[in-house]
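Student: could you look at this predicted model? Sequence included:
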Amino acid sequence: MSAPETIRDAALATDGVLAMHAGPHGTASTYSPSGRIWGVRTGTGRVDVHIVADQSYDLVRLGRAVQRAVRDVAGDYAGEVMVHVEDIAAPTGDADSASSGSGATSVDGQGRPRRSI
């Protein structure tokens, strides 16, 4: 498993994270040997993690929890960890159903982007 996949899995395992999000215009992704990893963008000294958050969680605490989870698995590779809450949804519904209709791009269960309407 590649570092971006490990980062994605750590973020998804954090309580309060409902899904990964492909970011504005589907630009939040990283290529790995197994394919494109949606919701994780890596760069020199920085990792951006784009998520859909559970509406019942405190977003500041959730962001810090995701940062800790990413640092725990990525170590020095991560550098600065920036968490972007791209959407907020109810935990029992589909992550796309809470979208405001802005055309935000989220990710399905296989990590492929999908657009809400």
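Tutor: Ah, there it is.

Student: and the contacts of stretch 39-48?
Tutor: Contacts to stretch 39-48, defined as Cβ atoms under 8 Å, 6 or more residues apart in numbering, come from residues 3-4, 7-8, 11, 19-23, 27-30, 49-51, 70, 74, 77-82, 84, 107, 111. All C-beta spots, glycine's among them, are computed from the backbone N, C-alpha and C.

Student: try stretch 3-18
Tutor: By Cβ under 8 Å, 6+ apart, stretch 3-18 touches 1, 19-20, 30, 32, 34, 37-40, 42, 47, 49, 51-54, 56-57, 62, 65-66, 69-70, 72-74, 77-78, 89, 91, 95, 111.

Student: out of the residues you listed, which sit inside helices?
Tutor: Per DSSP state H, helices hold the following members of the contacts of stretch 3-18: Leu62, Ala65, Val66, Ala69, Val70, Asp72, Val73, Ala74.

Student: could you find the closest non-adjacent residue to the fourth one?
Tutor: Meaning Ala69. Ala10 (4.3 Å; Cβ to Cβ, 6 or more residues apart in numbering).
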